[in-house]
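Engineer: here's my sequence, what's the structure:
(2 chains)
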Amino acid sequence: MRRFLAILSAIAASFIPVLAQTGIPDAIIENYDISFDMNSQESGTCSITVRTLITKSGGARAGNFVLYTDSFHELASFSGEISAAGKTIRKLNMQDLTKVSASSGLADDTFLYTYTPAVAMPYTIEYRYKIAYRKGIASFPTFIPVRRPETMLRSGSYRISAPAGTEIRYSSNMVPETVTSGKKTTWSWSIKDYKGFSDEALMPDIRELVPYVYACPANFSLGGKKGSQSSWEELGAWLYGLQKDTKTLPEPFRASLQEMTAGAQSDLEKIRIIYGHLRKTTRYVSIQLGLGGLRPSPAGDVLKTGFGDCKALSNYMQAMLDAVGIKSEYLIVQTDEKDLLPNYASLGQMNHAMLCVPMASDSLWIECTNPSYPLGYRHSGIAGHEIVLVTPEGGKKVRAKGYSDSHAASSESMTVRLEENGSAQCEVTRKLLAEDIEPYIEFESLKPDLRRKRLTSRYKCLCDNAVLTGTSDNFSELTGGATPQMNVSFQMDVPGYAKVSGDRMFIPLSHSSLKIFHDKAERVNPICIDESLSIIDTVRIVIPDGFEAEHIPENVSIRSELGAFVSNVSSADGMILIEQSLVFNKGRYPKETYQEYRSFAKSVSKTNDKKIVLVRKAAGNP
Amino acid sequence: MLCKYHIYFIHLGNMRPARDKINFRSRFLPYTMTIQSNTMRTISFLSAAIAFLAAASAALSAQPVKVNMKFDKVSRAEVEMQEYEPDTTAAAVVLLDAGNTAITFDAEGRICLQTRHHERIKILKEEGVSYGDYELVYYTKLGLNDKITGVKVITYNLNGGEIVRTRMSKNYIFDEELAENYRKLSFSAQDVRAGSVIEVEYDITSYMFWDFDKKYFQRSIPVNLFEYEVRIPEFAGVNKRVSGYNRINYTSEKVNERYTVGSRYIDFTTTIERYSGHTLPAMKKEPYSYSFQQYLSAVDYDMSNLDIPGRLPQHFSINWEDIDKNYYESSIISRMNEKCLFPEEVKAIAGTEDADQDKIMEIRNLVRSRISWDGKYKLFPKRGSQTYKEKSGSNADLNAIIASCLRAAGYNVEPVLIKMRSSGVLIPGLPELNPYNTYILRIDNASGKAHYLDGGSSDQYLNILPPEFLVSNARLLREPGRCQWIDLTNLGKNMAAYIINAKLDESGVMTGEMNAKYIGEDCRTFKKDVRKAGSQAEFVTELENICAINAEEYKFVNFDKPSKECTFSCKFEKETDNAGNLLYISPFLHNFHSVTDFSSPTRTCPVEFPYRGVLTYIMNLELPESFKVEQFPESNTISLPCMKTACKVIYGMNGNKVQVSFNFIMSEMLAVADDYQQIRDFWQLLCGIYDDMIVISKNKD
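Structural biologist: This next block holds a predicted model:
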């Protein structure tokens, strides 16, 4: 839900462009050709030629050169040419590239090469470069010729040439041609006249819209270690092999762990004790050098240094649990995508490691890089995601339990004691579910400024003296698979809650800063709502003595397949009650539905702009 | 959380961002620099300095946490402490920051700066553990390589009531290439957790001896105690600047020293300048602040001259005149004096009857049509021919070419050097060796009126500069002795003016026309906002969303070309709040300010606004015959004296037309932190005006 809310809010900031009214693309890739020659499992050369015509400023980024290298990939050669109106303006060579370290942590052998043309449009830019693959090939180059919206592709080709008998695996929305000639087998994909895509909010997965090929050798070698990517089972076995001899802990330390957990009544209690120890004694530091980017640091090293990355910390936690007799499984996951590419196992799809402990009723998921998370909390990077368990028997692909749509609701209840001058003291209770709890974990330990922002950034009015008055949660139940819940109560003063003018007081129907933005232009893509969203707000306003309601906005109820918005306002017994709920239903809707979405968004904005009007009672009236 | 796996898998829409900008040290070379090599032994100043610092600690007994200044002398109290009393919210605190810098000689007799860093940090909470990670960026150009040596890191923890010391293994020091001429030394203290004390020491030798690294005493976490010593031999002249709002103790003394060369020696006096203090609060970045670092307590030195006995004297810069001379003799002037690259076209423009402003802009546009701006602001331009060959350049490159063309057209053009606002304030009373980041052009026409222009950026015009350039003290560069300080904060009128003419119908729907005119900096800001939205259509969509209107027939004038003003207009429709016989109408289609701009209850740094300006908003709303105004909001005037800012709103009727007039004037760009509460209160009143409602009765009877 937070991701969806972020999309709604981000639209205001980003204003993702829609298909230009004139239909002229921002950039035209005249040709995008990749040719990969695999010499052996250890080495190969990738040759890339890209020629792009940049027509408008929106296409400028399509002309940029961006390349990451590391100890397995080296930029072997580079040249380029910028031309306009048929004339060469400038030739480029390696010296024109900016090279900087792209370190993700303490040490990393990743470098970033970039070049950004700054030439009057329209112009054409061509890049020709080679990347040397060495010390092993785990993945072939990724072929995604179009990555920016409003970009057309005239011709694209991808060719992989490998020694005959090499088995490759690929995931693509194109079908290759395979030819074996002499000692080489060649796979070729090609595409012509791809018109491009329009980037809109709530659009389908990008892989539905652009041509792509992900490919890798079925049998590979990396850093001298051979393995197979024919299946997750085999890849998992290779990863398991990498971890061999990394799980040893000194005997005295193992004994201390056993002593620490001697009084535990259950395995769960033992895990809790060890998790607490992990939290107290380790921190996250990333070292990604060579094969160290894939193999966890030995548990003994983490014990000595007190730091490690996700792999090292998960491996260390596993070793500690093993010392107290608890079996666990190391897992790898892609935190940004719930689904892996179907029928395609590859190292490159994963970006994180965690631990899983099979329990009687369910699995316990342990995030080792952030032990402040309650034990058993399935954060957004894993809830509902396909993951691969790395076991002695090989890799096992399973799906971590997610949260159902019914768990997507957050709600807020506010009592407003309004003063005659328009200021108010507010008491708020916020009920948070699933990943919405994250900003509030160990809330009291946050700095005052951050606490204030977390409590009040939702409102468009000035909020002073925000003070937490209570929290409650069900974190102790998360190990049983429960959905996380948290209630946060706080008080705050709002100096300008209502605007006083003469005998009247104008109260905004909603102080929320949430706006549902919509586009004027004709919709191109279907509407895809990945997660259901439900926000429920209840506000009780105590009418100040001497005032009565002059105008209460009409109730609104809009329901459609996409969602629903309901706003009910009533006044009785000196109080105004506002009950609002906004629901978006997960689903995929045809582009024609966008008109409905637009009306929906406009109604929400219009309703929330309305005011409740109080007026001073006539003299003599009770 | 990222691991290495994903590097092989280019995830669509998940390209990692380029590295953040790195603060590199300045690279301005002095114009005289000769060093003779002799066989000399290095003065062992470091041990002398440390011995002194240890002895001096007695003078600083007021710090909340008592510390021993010596390395590896951490007390039990420091390890046991659980919070820092002056700031109980702090995740970590610098218990001790003890450093020293000396101008000295290395083993080969080369003059250098040697700096010892020694700090001790207490981790109070889990979120503070990252203070155990260090990244030191250093320079690596041949002959001027920095050297980092003697890295020592110890972590102290309480374990079973005993203090356990963990020394960091040298295996966890990583030295990597960072960018051209720069490397990075990274290391992480071991066994760091909430409660740990981390002690770090390392030495840096720098051969850019004329350019000290600025020493910040204040940081993003509180500082319990600091002591910093600078040793300046008598043969080195230095300038210094102390900044910040906290009390810094300063002492100075002279000591005699001897420098031995084989059988020969040099006796000289060294001045030791010491800075110390305690209980410095944490500083954090705040909104409406261009460079919060300038407000941190710090000291900055640069060398003015070096006169080592037996060697040729070297002179750097001692005052603004000397600094001016250096810049005057740099490539800025010579590039501006190069031959005009487009003589025929410039001649044709110069020969027209157009006004000077138009000719100047035409020449500027001519250059920009041939050469693009690469998005960078720089100080020293390349040769014009090289820029033209590459068809793109920095603003410095473009300014040089535009200047040469303007001179060919008969205009007097001079450079104006600027220290951008994000780099801090330039104080004329405190000369700096390398103060400037960029320059713009000053063009005098025949009548002597001065115009200012920057060749970079898309939306510039004469006297309309990026807000980063709007400084009180820019330097007009002329022959030495004739340079002047120029105030760029008041070059012209900045104004945003809105006129809304609308009609209300019987059902309460308001239809009308919005006309907006933007002048000066507001014109530039408006064009930037439209480009940020992606297109004119998307900007209008944003307007519809924010104002809850339907907008049609929109028109942008002067948008696509540089101009000093531009306009926007559209027809709109908006529903009002209908309550039986009453209508509630907000006279403001748009809130121009947000009350949450100053949501923080406190402020440490001064408040900086981009530019001065005026905003006017007029609404004429025609009512149906049978309607009458039941209630107007109160007309009001509010003011903010500390910023010479005021706002006036007037409501009234003219026949059957409601008239609203709103005027906002801001005459200053800067306010001190002490005035923050006033600004906050004013802002609340100002935003309250946007909540005004007009009550209209549908039935006159």
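Engineer: A:Gly63 against A:Asp26, yeah?
Structural biologist: No. At 10.3 Å, A:Gly63 does not count as touching A:Asp26 under the criterion of CB atoms under 8 Å. For every residue, glycine as well, the C-beta is placed using N, CA and C.
Engineer: what touches both of these two?
Structural biologist: Common neighbours of A:Gly63 and A:Asp26 (criterion: CB atoms under 8 Å, 6 or more residues apart in numbering or on different chains): A:Ile54.
Engineer: grab the nearest non-local neighbour of A:Ser79.
Structural biologist: Spatial nearest neighbour of A:Ser79, chain neighbours left out: A:Arg128 (5.2 Å); criterion: CB to CB, 6 or more residues apart in numbering or on different chains.
Engineer: so the one you found versus A:Ser35, what's the distance?
Structural biologist: Distance check for A:Arg128 against A:Ser35: by CB to CB, to the nearest Å, it reads 11 Å.
Engineer: joint contacts of those two?
Structural biologist: Common neighbours of A:Arg128 and A:Ser35 are listed as A:Ser47, A:Ile48 (criterion: CB under 8 Å, 6+ apart).
Engineer: and the residue nearest to A:Ser79, what are its bridge partners?
Structural biologist: Listed by DSSP bridges, the beta-bridge partners for A:Arg128 are A:Thr49, A:Ser79.
Engineer: tell me the spacing between it and A:Leu92.
Structural biologist: Distance from A:Arg128 to A:Leu92, by CB to CB: 10 Å.
Engineer: interface residues of the stretch 501-650 of chain B facing chain A?
Structural biologist: Within the stretch 501-650 of chain B, the positions lying close to chain A (CB under 8 Å from any CB of the partner chain) are B:531-535, B:537-542, B:544-546, B:548, B:575, B:577, B:579-580, B:582, B:584, B:594-596, B:599-601, B:631, B:633-634.
Engineer: same thing but at 6 Å, please
Structural biologist: Residues of the stretch 501-650 of chain B lying near chain A by CB under 6 Å from any CB of the partner chain: B:Ala533, B:Gly534, B:Glu538, B:Thr541, B:Asn545, B:Ala548, B:Asp577, B:Ala579, B:Tyr584, B:Val595, B:Gln631, B:Pro633.
Engineer: surely the first one and B:Phe539 touch.
Structural biologist: Okay, so that is B:Ala533. Yes. Taking CB atoms under 6 Å as the definition, B:Ala533 is a contact partner of B:Phe539 at 4.0 Å.
Engineer: show me the shaky parts of the chain.
Structural biologist: All of this is about chain A. Within chain A, the stretches with pLDDT under 70 are A:1-22, A:289-292, A:406-408, A:620-622.
Engineer: try again with chain B
Structural biologist: Applying pLDDT under 70 to chain B picks out residues B:1-61, B:261, B:317-318, B:700-701.
Engineer: domains for it, by residue range?
Structural biologist: Per automatic domain parsing, the structural domains of chain B span B:5-315, B:321-486, B:495-697.
Engineer: one more: chain A?
Structural biologist: A:25-226, A:232-399, A:406-616.
Engineer: about what we covered before: closest one of the residues of the stretch 501-650 of chain B next to chain A to B:Leu158?
Structural biologist: Nearest to B:Leu158 out of these is B:Val595 (CB to CB; 47.5 Å).
Engineer: can you give me the neighbour number for that closest one?
Structural biologist: Using other CB atoms under 10 Å in any protein chain shown, B:Val595 has 23 neighbouring residues.
Engineer: contacts only, for it.
Structural biologist: Residues near B:Val595 by CB atoms under 6 Å, 6 or more residues apart in numbering or on different chains: A:Leu462, B:Gln684, B:Cys687.
Engineer: do A:Phe65 as well
Structural biologist: Shown in contact with A:Phe65 (CB under 6 Å, 6+ apart): A:Tyr115, A:Tyr127.
Engineer: distance-wise, check it relative to chain B.
Structural biologist: Per CB to the nearest CB, to the nearest Å, A:Phe65 is found 12 Å from chain B.
Engineer: hey, where'd the strands end up in the stretch 501-650 of chain B?
Structural biologist: Here the stretch 501-650 of chain B has its strands, by DSSP state E, counting those that start in this stretch, at B:509-519, B:550-557, B:565-575, B:577-579, B:582-585, B:607-608, B:613-622, B:628-631, B:636-640, B:645-654.
Engineer: so for B:Pro467, which of these sits nearest?
Structural biologist: When the strands of the stretch 501-650 of chain B are compared (using CB to CB), the closest one is strand B:607-608, at 9.4 Å.
Engineer: burial of the residue lying closest to A:Ile125 once chain neighbours are set aside, as a residue count?
Structural biologist: Computed as CB to CB, 6+ apart, the closest residue to A:Ile125 that is not its neighbour in sequence is A:Gly63, at 4.7 Å. With neighbours defined by other CB under 10 Å, the count for A:Gly63 comes to 24.
Engineer: quick one: contacts for A:Gly63?
Structural biologist: So A:Gly63 contacts A:Thr52, A:Ile54, A:Pro117, A:Ile125 (CB under 6 Å, 6+ apart).
Engineer: so can I have a markdown table of those residues showing distance to B:Tyr207, neighbour count and secondary structure?
Structural biologist: Formatted as a markdown table, the contacts of A:Gly63 follow (distance: CB to CB, whole Å; neighbours: other CB atoms under 10 Å in any protein chain shown; DSSP: H, G, I helix; E, B strand; the rest coil):
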| residue | distance to B:Tyr207 | neighbour count | secondary structure |
| --- | --- | --- | --- |
| A:Thr52 | 44 | 26 | strand |
| A:Ile54 | 44 | 25 | strand |
| A:Pro117 | 36 | 24 | coil |
| A:Ile125 | 40 | 25 | strand |
